[in-house]
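Participant: Need a 3D model of the following:
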Amino acid sequence: MPERLVIALGGNALQSKDSAPTAEAQLEVVRKTASHIAEISRRGYEMAIVHGNGPQVGRILLSSETARDVVPPMPFDVCGAMSQGYIGYHIQQALKYALAARNRNYPVVSLTTQVVVDKNDPAFQNPTKPIGGFYSAEEARQLEQEKGYVLREDAGRGWRRVVASPLPRKIVEIGAVRLLWDHAIVITCGGGGIPVVENPDGTLEGVAAVIDKDFAAELLAEEVDADVLLILTEVEKVAINFGKPDEKDLDHLSLAEAARYAAEGQFGVGSMLPKVQAAMKFVRTNPGKRAIITSLDKCLDALEGKTGTAVTFA
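Facilitator: Okay, here's the model as predicted:
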């Protein structure tokens, strides 16, 4: 049986720091990303793809708020849905072409995906994810009074809105993902999924939050019984003592080692830590399976055990 993968794409797979933050520039980066994913598919792996949306959803929100005197601004969950749509469109277009170039006429589909979070998640009491643009102190006070936003001063650059980052609890469209699995490569849980809460009557309601895409990818990997959770980022391997003279790249992390290093503060809170935590959760729940953290350009070698950091139960 072919191995089943859930691939979590980092921001560098969608947008380059060296290019303009435009849709056209993003598409160029995505085309390069798609060539790597298409090669994984050509090797016989089955897969679903999860992507982030950090800068993109922020720009959508900023555009909406800038035009608020002309059209009503969109709620944040709607901005997240919009980012799912256009990032998914770019990936499916580029990946379909890359597959065809390898003589694989295989469907690629983007699925608008809602992810249930707990309205009592502690993250809602301590919003930490900055989104959108910067404001003066007066503008920040006005937004807090009029919109109920939470704003925090950001390193002397001004005030910025922050939202919660709750853990994903349930993928609403998981049944559709499973039905599509044998017939298409599915792009799902984009940006971590559109965060929603369940009301007592069973209805869903969007909330202003950002779900970490690595945790969403891990939940998806559990739900589709994936063999590998492949987390792609900017570095080839996870390191300890990062940026120090004794920095050390890690080929392998057991669950116990990963937990110890995390407790020591070896992994950046806003960068490597959620990736390692997602990998830990996957192998804890699925002993015998593996998670891999590596760079996009090394993904094939990492799947073959030649590089990357493999996280396993023992």
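Participant: Which residue ranges of the stretch 101-250 of the chain form strands?
Facilitator: 108-110, 114-116, 129-135, 150-153, 159-163, 170-171, 185-187, 194-198, 204-206, 228-233, 238-240, 248-250 (DSSP state E, counting those that start in this stretch).
Participant: what's the most buried one of the ones you listed?
Facilitator: Among the strands of the stretch 101-250 of the chain, ranked by average contacts under mean count of other Cβ atoms under 10 Å, first place goes to strand 185-187 (a mean of 27). C-beta: built from backbone N, CA, C; applies to glycine.
Participant: what packs against that strand?
Facilitator: In terms of contacts (3 or more Cβ pairs under 8 Å, 6 or more residues apart in numbering; DSSP states H and E), strand 185-187 is packed against strand 46-51, helix 76-100, strand 108-110.
Participant: Out of those, which gets nearest to residue 61?
Facilitator: The closest of the helices and strands packed on strand 185-187 to residue 61 is helix 76-100. By Cβ to Cβ, the value is 4.8 Å.
Participant: What angle do strand 129-135 and the closest one make with each other?
Facilitator: When axes from the mean of the first three to the mean of the last three Cα atoms, to 10 degrees is applied, the directions of helix 76-100 and strand 129-135 differ by 110 degrees.
Participant: Distance to residue 299 and mean pLDDT added to the strands of the stretch 101-250 of the chain, as CSV?
Facilitator: Shown next, in CSV, are those (distance: least, Cβ to Cβ, whole Å; pLDDT from 0 to 100):
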stretch, distance to residue 299, mean pLDDT
strand 108-110, 17, 97
strand 114-116, 25, 98
strand 129-135, 27, 82
strand 150-153, 36, 88
strand 159-163, 31, 89
strand 170-171, 24, 98
strand 185-187, 15, 98
strand 194-198, 27, 97
strand 204-206, 33, 97
strand 228-233, 6, 97
strand 238-240, 15, 96
strand 248-250, 17, 96
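Participant: right, and the ones you listed - which one's nearest residue 77?
Facilitator: Taking Cβ to Cβ, strand 204-206 is the member of the strands of the stretch 101-250 of the chain nearest to residue 77, at 3.0 Å.
Participant: How about residues contacting stretch 72-88?
Facilitator: 14, 23, 26, 51, 53, 56-57, 60-61, 64-65, 67, 110-113, 131, 163, 187, 190-191, 194-196, 206-210 (Cβ atoms under 8 Å, 6 or more residues apart in numbering).
Participant: Buried residues, that stretch. List them.
Facilitator: With burial defined by 16 or more other Cβ atoms under 10 Å, the residues of stretch 72-88 counted as buried are 73-74, 76-77, 79-84, 86-88.
Participant: cool, and stretch 172-189?
Facilitator: 172-174, 177, 180-181, 184-189.
Participant: Just give me the closest of these to residue 41.
Facilitator: For the buried residues of stretch 172-189, the nearest to residue 41 is residue 185 (6.7 Å; Cβ to Cβ).
Participant: is it true that the closest one touches residue 107?
Facilitator: Yes - counting by Cβ atoms under 8 Å, residue 107 is a contact partner of residue 185 at 7.2 Å.
Participant: Please name the residues that touch the nearest residue to residue 34 once chain neighbours are set aside.
Facilitator: Nearest residue to residue 34, sequence neighbours excluded (Cβ to Cβ, 6 or more residues apart in numbering): residue 94, at 3.8 Å. With contact taken as Cβ under 8 Å, 6+ apart, residue 94 is in contact with 27, 30-31, 33-34.
Participant: again, only this time at 6 Å
Facilitator: 30-31, 34 (Cβ atoms under 6 Å, 6 or more residues apart in numbering).
Participant: Now, these that are in helices?
Facilitator: Within these, residues falling in helices by DSSP state H are 30-31, 34.
Participant: just those now: which is nearest residue 146?
Facilitator: Using Cβ to Cβ, the ones in helices among the contacts of residue 94 come closest to residue 146 at residue 30, 37.0 Å.
Participant: Got the domain ranges for this protein?
Facilitator: Split into domains by the TED database, the chain comes to 4-117+167-312, 128-163.
Participant: Please identify the most buried of those.
Facilitator: Greatest burial across the domains of the chain, using mean count of other Cβ under 10 Å, falls to domain 4-117+167-312, with a mean of 19.
Participant: Tell me how far stretch 120-128 lies from the chain's centre.
Facilitator: 19 Å (Cα atoms, centre = their mean, to the nearest Å).
Participant: Show me what that stretch is in contact with.
Facilitator: With Cβ under 6 Å, 6+ apart, stretch 120-128 has contacts from 150, 162-166.
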